[in-house]
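> When you get a sec, could you give me coordinates for this:
(one chain, ligands or ions: 2)
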Amino acid sequence: MESEVEGLAAETFSSMKGMKRTGLFVTGTDTGVGKTLITAGLAYALRARGIDVGVMKPVETGCHERNGRLHPVDALMLREAAGSRDALDLINPYRFCEPLAPMVAAERSRRSIDVERLLERFRRLADRHTVMLVEGAGGILVPITDKLSFLDLAVRLQLPVLIVIGSRLGALNHARLTVELARATRVPIAGAIVNRTTAERSLAATTNLSALRRLLPIPIHGEIPYLETIRGRALWCSPVLRRILASYVDELFSEPMRR
Ligand SMILES: Nc1ncnc2c1ncn2[C@@H]1O[C@H](COP(=O)(O)OP(=O)(O)OP(=O)(O)O)[C@@H](O)[C@H]1O
Ligand SMILES: [Mg+2]
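Ligands and ions are numbered 1, 2, ... in the order given. A predicted model of the protein is given here:
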């Protein structure tokens, strides 16, 4: 892929090259709000600037079976967008077929999720890449086990949290809850991105961005419009998405992160 290292971004990332543990933990206000699309789009935008990106989807549920194996669509999409050659079992150590929170899906399939295994896989990936992007599942308090939520995992991975806000009715409440909780744990917050997941121009969707800017004490980088699918192209490589996300990159990776 063509390298587009330029301006401030070039400076930011040349200083990042020697650093470890640079990255983001991408969470959201709910399931289906666009975490995978935005994580994949960010991976693609970073890669277009010549940055080596590693990705991780620590636990994926709701995986369908293909040729006798579970097919983790989010993990595969992230790997493709990042241009990663890492083994799928490293990127996605746990996958389950039932579309449930990891704790419940694991219990129902009589398996347990070992946090040390997640941390070890993450360290291996982080040692290989300049930037790590890790996608949670559902929202920030979704249980991985009865003792570990995705927020706890972000803390253990020492990654700042990026919050994807699905722009729908209810988003103000969900976004405030997510931000309040993250602030209470003092995890660094890299900000939020508002995402329009449907073409519908509801009153809530058209007023959410400005209301969120007034209410949330964190940077709101902007809003992703509803993206039209181009036949034969994955949505994450949409030029519109890439242009918008590329413009957020400097803010997203700048210090200090808000607490
Ligand atoms: N801005 C957008 N324009 C068009 N479609 C979108 C947009 N954002 C998300 N979508 C679509 O909405 C669906 C849900 O998005 P996505 O899979 O990224 O959500 P998620 O938050 O990762 O969900 P999960 O909790 O299951 O991981 C996908 O089909 C995605 O392509
Ligand atoms: Mg996802």
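
> Going by neighbour count, which residues in stretch 202-214 are buried?
Buried residues in stretch 202-214, defined by neighbour count with 16 or more other Cβ atoms under 10 Å: A205, N208, L209, L212. C-beta coordinates here come from the backbone N, C-alpha and C atoms, glycine included.

> Can you tell me the closest non-neighbouring residue to A175?
Among residues not flanking A175 along the chain, I165 sits closest, at 4.8 Å (Cβ to Cβ, 6 or more residues apart in numbering).

> residues contacting the residue in the stretch 1-150 of the chain positioned nearest to ligand 2?
The minimum distance from the stretch 1-150 of the chain to ligand 2, using Cβ to the ion, falls at T36 (3.3 Å). Counting by Cβ atoms under 8 Å, 6 or more residues apart in numbering, T36 touches K57, D74, M77, L78, E135.

> Quick one: these as CSV, columns for neighbour count, pLDDT and distance to K147 too.
Conversion of these to CSV gives the following (neighbours: other Cβ atoms under 10 Å; pLDDT from 0 to 100; distance: Cβ to Cβ, whole Å):
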residue, neighbour count, pLDDT, distance to K147
K57, 28, 98, 21
D74, 23, 98, 24
M77, 21, 98, 29
L78, 28, 98, 26
E135, 28, 98, 21
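
> Please flag which of the residues you listed sit within helices.
D74, M77, L78 (DSSP state H).

> Was I right to think the second one contacts A234?
Yes. Counting by Cβ atoms under 8 Å, M77 sits close enough to A234 to count as a contact (7.3 Å).

> shared neighbours of these two, which are they?
With Cβ under 8 Å, 6+ apart, M77 and A234 have common neighbours A40.

> Tell me where this structure has helices.
In the chain, the helices defined using DSSP H lie at 7-16, 35-48, 73-82, 88-91, 102-108, 115-128, 150-157, 171-185, 203-215, 239-252.

> out of those, deepest packed?
Sort those by mean neighbour count, taking mean count of other Cβ atoms under 10 Å, and helix 35-48 sits at the top with a mean of 25.

> how distant is that helix from the center of its chain?
9 Å (Cα atoms, centre = their mean, to the nearest Å).

> tally of neighbours for the residue nearest to A175?
I165 has 26 neighbours, counted by other Cβ atoms under 10 Å.

> so who does it touch?
Residues near I165 by Cβ under 8 Å, 6+ apart: G28, T29, V33, A171, H174, A175, A192, I193, V194, N195, N208, L212.

> So the last one is in contact with I220, correct?
Yes. Proximity of L212 to I220 meets the contact threshold set by Cβ under 8 Å, at 5.7 Å.

> between the two, what contacts are shared?
What both L212 and I220 touch, as defined by Cβ under 8 Å, 6+ apart, is the set A192, V194.

> just to revisit the earlier point, let's have the ones in helices among the contacts of T36 in a markdown table, adding distance to R121.
Supplementary listing: the ones in helices among the contacts of T36 in a markdown table, determined by distance: Cβ to Cβ, whole Å:
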| residue | distance to R121 |
| --- | --- |
| D74 | 16 |
| M77 | 18 |
| L78 | 14 |
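
> one step back: please name the bridge partners of the residue nearest to A175.
Beta bridges link I165 to V194, judged by DSSP bridges.

> returning to that earlier point: mean pLDDT for the helices of the chain: which is lowest?
Lowest mean pLDDT of the helices of the chain: helix 7-16, a mean of 46.

> No more questions from me, cheers.
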